[in-house]
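>>> Turn this into a structure:
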Amino acid sequence: MSSSKLPDNCVQYDVFLLDGKKGVRKTAAAFPEALPKLEALCDEVYALLGEHFVDYIWQAEPFRLAPFKKPFPHVGGRTVFGDAIEDEWFIVYLLLELSKRFENAAIAVYDNDGQFLLIEAAEYLPAWLGPENSENRVWIYRGQIHIIPEVVKSKAGDNGAEDISIEEALAWLAKDPKFTAASKDIQGFIRKRIAGYPKRIAETKQISHCFVPAAVAVLAKTRPSLLSAAVQAFYLRDPIDLRACKAMKHFPPETRVLSDVVTSKLQYAQLVQQKYHPDKRTGWDMPTPDDPYYKSLDLGVKIASGFEILCAYGERVKDAMQVLTYEEVESDPLWKLFWSGLEKGRFMKDVTPGSDSYRTKLNKAKDFFIESRRTDEVYIPRERYGAIILQLLRTLDVDVNALKKRSLVLPPADDDSWLNVSPDQLDALLRERSAPGVGGSNKHNGSTGSASNFDPSTITDSIKKFMESVSGFEGAEFADEKDDPHGMDTRKMDQAIGQILELNISDGEENDGRVSSAMTDYSDEEDPDLDLPQGKPGQLEKNLQEYLQRMDRELAKTAVGQSFVRQNGAAAANGARKANGTENQHPGFANGKRQHSINSQNGNGNGHSQHKKAAPSAESDSFEDDEEDDYRPVDVNINLLKNILESCSSEQGMAGPASNMLKRMGVNVPPNNGKDSDDE
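Predicted coordinates:
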């Protein structure tokens, strides 16, 4: 089962019947023997779940099952869902229901992106599972998601150590389902994604009022799949397709009537959001946008143009293609079985035979039955749907007067305010979809990203923890990614590498595990102006701090030095003492001298100390002028926070390096609310 062979926006599903705890052992040669049983399985599935199949509005193609011979006898199908991702997840719901009804059915589902179930639950996947080894490991069985564990290896030597065959995977499913069941987190995340079905089907529909040609009004009621195809044709139109819309020879505007049209919410949005101006030569005169009938006329011309585009494609194959009529369907025994299952279910409950509602649902059922039985596609969808429209127009009974009378008692149109999403609603939706965990909770630190409870210190604390962590050869590792099953001692590994490379590693030094090299081969290339003090072991870090402090003092008056935020008050004094290594001395002294700033604060306006000064050392003479300037160390935390927030503000709510890094650490920064970073 390879996803690379699937077209774009297409989902495939394969249903295998297990034979007890033996899995499946049938070969393709046994297909004639298994065919009657597989066909019976398809009919049972349609009878049990048919009401959901029929009532749902499919974007491009419906759910359908058919027997397949390879790799061994089973039933399966594929559905092109286009832009409607919800179609794909509705199919997942149907497959889970199917696996509950048929306990011996093991189902694999994947799309052109691969194992999309794993993509959805990526937050909870085991570390070993990835795209390179997930093939044939993800299954739907007995109403649950199953993942064949890592310990299961392929018996075939040429398949690699990680890949397993379908037969091996099914054998493990049949042998020990508890062993292969996915974690509760994965199960819960998938169930949350499909929660609400089948009641959610009604929420996906949109009833709207449109002025359409009378023939379009009849076709939309008779063959609902043609309406979906027309919306797709208009939405994906190109300049060549629009040539057919200049004449509108099949659907002229003179027969326009007001009709109720039922589409999915996605199809409605695709029509409304499209800017379209019909050719004036066709007679489709449009009023101004403030006219109360503008929306109905605008939707009508777009739908009619979609039907006209389909007819242009149908002209190519109208004489070569055979169209199955409703009369021919009624004589099919499989249709009678399918319809009897629908009549017994909720789909036809409280529906009076002979009523308009009864005829509408009957037409929907016949339409789905024809579409679901189509497995061998010879023509492209537009050509096929166009040929169907042209053949139906020859015998279509259109009563314009009856349609006009019906327009006076149409059901109310649905509200479309859901098309307008406020910024707060959009932020809430994004947080719900991006926050890890079932229910959208952040498992790292509980930060919700709202300004009322946001603590800026979480940014600096998270980055400090991240900088103190150890990265692997594949890159930085976050806390929830660390997985060391072998219990490696990194300190011992450093010592071993040091012995190999003849590095000078001293365990007595408090260097946090860092390795310092003697670098004796480069002693002749040392900078003669660089005069670092040499001392006993343990003195190097103190000397380095003094050297860095000198650099900081020298850069303090430059443009670069002045661009940093520096410490104030006691924080500055503590920072200076820590930099000088004198944090344990009296707060008024550093390097054996009374600080001039302290003297000034004690009331000595001329800046001279009332105490006797210690003899100045050679090292301190060069810093007399700097001390007069009241040197203040750089505040690392404030500068880090300032730069991070400025980066987040410049991203303007979009994904960027700063926000992505913080979110990966579990920190959600609230929106800027129009404030500049300089004002914060």
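
>>> tell me which strands and helices the strand or helix carrying Gln549 is in contact with?
Gln549 is part of helix 540-555 when elements are defined by DSSP states H and E. Where contact means 3 or more Cβ pairs under 8 Å, 6 or more residues apart in numbering; DSSP states H and E, helix 540-555 is packed against helix 569-580. Where C-beta positions appear, they are placed from N, C-alpha and C, glycine not excepted.

>>> buried stuff in the helix or strand hosting Phe307?
Phe307 is located in helix 294-314, with elements delineated by DSSP H and E. Residues 295-314 are the ones in helix 294-314 that count as buried (16 or more other Cβ atoms under 10 Å).

>>> One more: stretch 648-660?
Buried residues in stretch 648-660 (16+ other Cβ under 10 Å): 648-649, 651, 658-659.

>>> Specify which member of those is nearest to Glu103.
Among the buried residues of stretch 648-660, Ser659 lies closest to Glu103 (Cβ to Cβ), at 46.4 Å.

>>> just for the stretch 351-500 of the chain, where's the confidence low?
For the stretch 351-500 of the chain, applying pLDDT under 70 flags the ranges 374-379, 433-454, 469-500.

>>> The longest helix out of those in the chain - contacts with which helices or strands?
Using DSSP state H to define each element, the chain has its longest helix at helix 31-55. If you count contacts as 3+ Cβ pairs under 8 Å, 6+ apart, helix 31-55 packs onto strand 10-17, strand 66-68, strand 74-80, helix 85-101, helix 333-344, helix 356-372.

>>> how much space between the spatially most central residue of the chain and Ile186?
Closest to where the C-alpha atoms of the chain average out (Cα atoms, centre = their mean) is Glu120, at 7.0 Å. Look at Glu120 and Ile186: by Cβ to Cβ, to the nearest Å, they are 9 Å apart.

>>> just to revisit the earlier point, what's the mean pLDDT across the helix holding Phe307?
In this model, helix 294-314 has a mean pLDDT of 95.

>>> Strands along this protein, start to end?
10-17, 66-68, 74-80, 105-111, 138-141, 144-147, 205-213, 256-264, 589-590, 593-594 (DSSP state E).

>>> strands paired with the third one, and their directions?
To tie it back to what came earlier, the one meant is strand 74-80. strand 10-17 (antiparallel), strand 66-68 (antiparallel) (DSSP bridges).

>>> among those, which is the most enclosed?
strand 10-17 (a mean of 22; mean count of other Cβ atoms under 10 Å).

>>> Kindly calculate the angle that that one makes with helix 85-101.
0 degrees (axes from the mean of the first three to the mean of the last three Cα atoms, to 10 degrees).

>>> Can I get strand 10-17 in PDB, CA atoms only?
Taking Å, rounded to 0.1, in the frame of the first residue of the first chain, the C-alpha atoms of strand 10-17 are listed here in PDB:
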ATOM      1  CA  CYS A  10      -7.200  11.600  -2.500                       C
ATOM      2  CA  VAL A  11      -7.800   9.100   0.300                       C
ATOM      3  CA  GLN A  12      -7.700   5.300  -0.100                       C
ATOM      4  CA  TYR A  13      -9.100   2.700   2.200                       C
ATOM      5  CA  ASP A  14      -8.600  -1.100   2.100                       C
ATOM      6  CA  VAL A  15     -10.700  -3.600   4.200                       C
ATOM      7  CA  PHE A  16      -9.200  -7.000   4.900                       C
ATOM      8  CA  LEU A  17     -11.200  -9.800   6.500                       C
END
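
>>> Contacts made by it with the rest, please.
1, 3, 6, 24, 37, 41, 65, 68, 74-81, 87-88, 91, 95, 98, 102, 104-112, 116, 166, 170 (Cβ atoms under 8 Å, 6 or more residues apart in numbering).

>>> at 6 Å instead, please
With Cβ atoms under 6 Å, 6 or more residues apart in numbering as the test, strand 10-17 has contacts from 6, 24, 74-76, 78-80, 88, 91, 95, 104-109, 111-112, 170.

>>> for stretch 194-209, same thing?
Residues contacting stretch 194-209 (Cβ under 6 Å, 6+ apart): 52, 55-56, 89, 92-93, 258, 260-265, 268, 296, 413-414.

>>> Leaving out sequence neighbours, find the closest residue to Arg237.
Ile309 (6.2 Å; Cβ to Cβ, 6 or more residues apart in numbering).

>>> The one you found contacts Ala233, correct?
Yes - judged on Cβ atoms under 6 Å, Ile309 makes contact with Ala233 at a distance of 4.4 Å.

>>> Tell me how many other residues crowd Ile190.
Residues within reach of Ile190, counting by other Cβ atoms under 10 Å, total 23.

>>> what sits against it?
By Cβ under 6 Å, 6+ apart, Ile190 lies in contact with Ile145.
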